[in-house]
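Trainee: here is my input, please return the structure:
(one chain, ligands or ions: 1)
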Amino acid sequence: MTLSANALLTDPEALYFSYAPPGEAVLQSLSRPKGLLGIITFRTDFFRDKDGATPDRILQIPLSGRGDDLCEVWKTTQPVVAGTVGDISYRCSRDFLLGSIALTVADVPADNHHGLISPPLQSVAERAYRQIFSLLDHHGYPGLLRIWNFVPNINGVSHGLEHYRQFNMGRQEAFLAHSRLPSKQNIPAASALGSVDGPLIVYFLAARHNSVAIENPRQISAYHYPREYGPSSPTFSRAGWIDLGQQKILFISGTASIIGHQTRHEGDVAAQTRESMANIAAVIAETNRVAAGSFYDLNDFSYKVYLRQFTDLPVVRAELDLLVTPEAPVFYLQADICRADLLVEIEATAGVLHGGMA
Ligand code: 3EB
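Mentor: Sure thing, here's the model as predicted:
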């Protein structure tokens with residue numbers, strides 16, 4: 001079977017996304033609510049209804065607010081309906097589902113069913129991912145294409161373990177509990193960042209059909225990282241590729257200055273940026289090798305760049321400008337990165353149609 005046997009050749013549903021200023025994003029959502037999967041904002045003070053609530057079509061990620069004042073807007077060509085199950089809010093169309101979950105991190109550690117006490121981020125991560133997998137399995141969107149994780153105080157330590165490492169334990173347990181680990185093909189592309197405070201927030205894009213996981217020959221698969229990075233390895237792939245017929249989408253995970261399993265260029269944000277982009281180029285080359293008929297290059301992508309120190313922006317932008325066409329959308333945000341020695345993480349997406357819908 002070639003990978004393009006996945007193609008949904010009949011009556012494809014198109015997926016659109018863009019980065020838009022808040023005013024424009026809200027106008028778009030009001031003028032075309034039928035095909036709106038959702039709007040993601042990366043600050044806390046963005047949008048409230050008259051009663052102070054956030055409308056369900058808008059997800060607010062509490063970052064520091066330093067960064068480009070843009071929203072991520074996801075749309076589709078089929079009608080969208082909204083729903084909630086447990087702690088998840090979602091909007092779905094015939095082929096796609098965009099959902100989010102926010103779980104408060106308990107002060108008191110939870111019992112993890114084995115009579116042991118789990119650190120707090122382990123238990124919320126497991127609960128979040130279990131809810132997500134149940135929703136996807138029961139609603140018929142088993143293909144988890146892309147997932148974004150925002151872990152409060154990600155580099156903080158409690159119960160003797162960094163929050164990101166606690167998170168990895170709970171995430172992996174949920175993957176195991178839902179039998180999603182044996183087939184490495186279906187491990188989703190992901191990003192993992194720190195939020196300023198508050199709940200664990202995860203948002204995700206799922207589909208009726210699975211994407212194909214792509215790994216990076218320059219890096220050890222994250223799910224094979226050695227134990228020096230924590231008791232459980234991180235459960236994500238370097239990229240996910242899906243053939244929707246007319247649209248062939250490549251979701252490249254948050255990518256950092258890691259070779260093998262080791263951080264490179266500690267303290268040098270320019271060199272970390274170049275190494276991250278070399279990793280992205282390697283993932284693209286690997287995709288072009290395994291995904292029949294796909295020929296992506298760096299200029300085809302939209303980028304989201306997370307900076308630990310927002311004052312590094314001019315240096316990082318200068319490096320990206322040398323590598324990527326000025327036409328490529330690049331969205332800069334301040335966020336902590338999952339390893340304390342990483343200064344930058346870059347994610348990239350290609351093949352999602354841009355702008356308004358026909
Ligand atoms: C890395 O390659 C850098 O834990 O979901 C990037 C993307 C990173 C996703 C995750 C972590 C995650 O290990 C960190």
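
Trainee: which parts of stretch 240-255 are buried?
Mentor: For stretch 240-255, the neighbour count (16 or more other CB atoms under 10 Å) marks 240-244, 247-255 as buried. Backbone N, C-alpha and C define where each C-beta goes, glycine included.

Trainee: what about that stretch, average pLDDT?
Mentor: The predicted model assigns stretch 240-255 a mean pLDDT of 95.

Trainee: again with stretch 67-84
Mentor: pLDDT averaged over stretch 67-84 gives 94.

Trainee: now do the end-to-end distance for that stretch.
Mentor: Distance across stretch 67-84, first residue to last, is 30 Å (CA to CA, to the nearest Å).

Trainee: now that stretch: how far from the chain's centre is it?
Mentor: Mean-position distance between stretch 67-84 and its chain equals 14 Å (CA atoms, centre = their mean, to the nearest Å).

Trainee: hmm, back to that, of the buried residues of stretch 240-255, which are in range of the ligand?
Mentor: Residues of the buried residues of stretch 240-255 in contact with the ligand (CB under 6 Å from any ligand atom): 253, 254.

Trainee: and which of the buried residues of stretch 240-255 is nearest to the ligand?
Mentor: residue 254 (3.3 Å; CB to the nearest ligand atom).

Trainee: which strand residues bridge the residue nearest to that closest one when sequence neighbours are not counted?
Mentor: Spatial nearest neighbour of residue 254, chain neighbours left out: residue 191 (3.4 Å); criterion: CB to CB, 6 or more residues apart in numbering. Under DSSP bridges, the beta-bridge partners of residue 191 are residue 148.

Trainee: got a list of what residue 191 touches?
Mentor: 147, 148, 149, 253, 254, 304, 306, 345, 347 (CB atoms under 8 Å, 6 or more residues apart in numbering).

Trainee: can you rerun that using 7 Å?
Mentor: 148, 149, 253, 254, 345, 347 (CB atoms under 7 Å, 6 or more residues apart in numbering).

Trainee: for the stretch 101-250 of the chain, which residues are neighbours of the ligand?
Mentor: Neighbours of the ligand within the stretch 101-250 of the chain, by CB under 6 Å from any ligand atom: 149, 190, 191, 192, 222, 234, 236.

Trainee: around the nearest residue to the first one once chain neighbours are set aside, how many other residues sit close by?
Mentor: Nearest residue to residue 149 in three dimensions, chain neighbours excluded: residue 192, at 4.4 Å (CB to CB, 6+ apart). By other CB atoms under 10 Å, 27 other residues sit near residue 192.

Trainee: now the helices for this protein?
Mentor: 22-31, 120-139, 163-177, 269-290, 313-323 (DSSP state H).

Trainee: contact partners of the third one?
Mentor: So that's helix 163-177. 119, 121-126, 129-130, 133, 151, 153-156, 181, 192, 230-235, 338.

Trainee: return a ChimeraX selection command for the buried portion of the residues you listed.
Mentor: Command for ChimeraX that selects the buried part of the contacts of helix 163-177, burial taken from 16+ other CB under 10 Å:
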select :119,121,122,123,124,125,126,129,130,133,151,153,154,155,192,230,232,233,234,235,338
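
Trainee: centroid-nearest residue for the chain?
Mentor: residue 148 (2.8 Å; CA atoms, centre = their mean).

Trainee: my guess is that one contacts residue 205, does it?
Mentor: No - assessed by CB atoms under 7 Å, residue 148 is found out of contact with residue 205, at 9.0 Å.

Trainee: list the contacts for the residue nearest to the centre of the chain?
Mentor: Residue 148 touches 190, 191, 202, 203, counting by CB under 7 Å, 6+ apart.

Trainee: same check, this time on residue 73
Mentor: So residue 73 contacts 17, 18, 20, 25, 28, 39 (CB under 7 Å, 6+ apart).

Trainee: which of these lies closest to residue 143?
Mentor: Of all the contacts of residue 73, residue 143 sits closest to residue 17, with 17.0 Å by CB to CB.
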